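> Have a look at this prediction, sequence included:
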Amino acid sequence: ETGVTQSPTHLIKTRGQQVTLRCSSQSGHNTVSWYQQALGQGPQFIFQYYREEENGRGNFPPRFSGLQFPNYSSELNVNALELDDSALYLCASSLDGRGPSSYGYTFGSGTRLTVV
Amino acid sequence: AQSVTQLDSQVPVFEEAPVELRCNYSSSVSVYLFWYVQYPNQGLQLLLKYLSGSTLVKGINGFEAEFNKSQTSFHLRKPSVHIRDTAEYFCAVSDSGGYQKVTFGTGTKLQVIP
């Protein structure tokens, strides 16, 4: 059984650019959630995708968007990058729209994005 | 809206000593409470959760936490820590209606000293 895989592990972008982060969910999971973890902070919920549709969203602007594919993998896209977007972006997979209260909710190790 | 406060950003403790990581929350409605652990270069893992019932909750790796409604606290404890417990620990809260939107605290780094 494979866990959650995120790519790339590290990324440096320039302010104003666009970035795409990728996540492969754990085998058997059909739900993917994305979080932003700024330095010294806890993770903040961005959104969740279940059956290829957005299934909940946190307080993030529309320039944060996502996709889920038929194989349940997912992408997080951020447009018009700002310096404050520098953070660790975590992906988590689960079953049937479940959230982080479930013991089966599995986090990846994240993508470290630096915006300069 | 709910919030979580973890007052201690770092807690050093000697191996085999007991440890308590403090967590206080605020919410206008009933809450569910969680503790997560994040080992270096890894994602978060759920340690334990309080949903209802007994206020003393036991989790994995020998950790336990006690829900205290009057003090709005959910402190995490372990009677004897190991080197492998060195990690960052996050307290989190969710209202009873939205498991997806869990609010995390800022984390406490537990450093176990040999």
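Happy to help now that I have it. Numbering: from 1, shown residues only, chains lettered A, B, ... in the order given.
> Specify the local secondary structure of residue B:61.
helix (DSSP: H, G, I helix; E, B strand; the rest coil).
> ok, what's across the strand from the residue nearest the centre of chain B?
With distances taken as CA atoms, centre = their mean, the residue of chain B nearest its centroid is residue B:35 (3.4 Å). Taking DSSP bridges as the rule, residue B:35 bridges to residue B:48, residue B:91.
> Would you check that it makes contact with residue B:64?
No. Counting by CB atoms under 8 Å, residue B:35 stays clear of residue B:64, with 9.7 Å between them. Where you see a C-beta, it was placed from the backbone N, CA and C, and this is true even at glycine.
> Show the low-confidence segments of the chain, by residue range.
Chain wasn't specified; assuming chain A. A:1-2 (pLDDT under 70).
> The chain in question should be chain B.
For chain B, the stretches flagged by pLDDT under 70 are B:96-100.
> So which residues of it form strands?
Along chain B, the segments classed as strands by DSSP state E run B:3-5, B:10-14, B:19-21, B:24-26, B:31-38, B:44-50, B:56-58, B:64-68, B:73-78, B:87-95, B:103-104, B:108-113.
> could you check the angle strand B:108-113 makes with the longest one?
Think strand B:87-95. 150 degrees (axes from the mean of the first three to the mean of the last three CA atoms, to 10 degrees).
> what packs against strand B:87-95?
Counting contacts by 3 or more CB pairs under 8 Å, 6 or more residues apart in numbering or on different chains; DSSP states H and E, strand B:87-95 packs against strand B:3-5, strand B:31-38, strand B:73-78, strand B:103-104, strand B:108-113.
> Identify all contacting residues around that strand.
A:42-43, A:99-101, B:2-4, B:6, B:21, B:23, B:25, B:27, B:29-40, B:44, B:47, B:74, B:76, B:101-105, B:107-110 (CB atoms under 8 Å, 6 or more residues apart in numbering or on different chains).
> Who are the contact partners of residue B:82?
B:15, B:16, B:112.
> May I have the beta-bridge partners of the last one?
Under the criterion DSSP bridges, residue B:112 forms beta bridges with residue B:13.
> Do I have it right that it meets residue B:81?
Yes. Residue B:112 lies in contact with residue B:81 (CB under 8 Å); the separation is 5.0 Å.
> Who has more neighbours out of these two?
residue B:81 (23 against 19; other CB atoms under 10 Å in any protein chain shown).
> Check the gap between that one and residue A:9 for me.
The gap separating residue B:81 from residue A:9 is 29 Å, by CB to CB, to the nearest Å.
> Then residue B:68?
Look at residue B:68 and residue A:9: by CB to CB, they are 40 Å apart.
> Could you do residue B:57 as well?
Using CB to CB, residue B:57 is found at 34 Å from residue A:9.
> Please apply the same query to residue A:77.
On the measure of CB to CB, residue A:77 and residue A:9 end up 18 Å apart.
> so who does residue 77 touch?
Defaulting to chain A. Applying CB under 8 Å, 6+ apart, we find residue A:77 in contact with A:18, A:19, A:20, A:21, A:64, A:65, A:66, A:67.
> nope, chain B
B:18, B:19, B:20, B:21, B:63, B:64, B:65, B:66.
> again, 6 Å this time
Neighbour list for residue B:77: B:20, B:64 [criterion: CB atoms under 6 Å, 6 or more residues apart in numbering or on different chains].
> again, but for residue B:75
Residues near residue B:75 by CB under 6 Å, 6+ apart: B:20, B:22.
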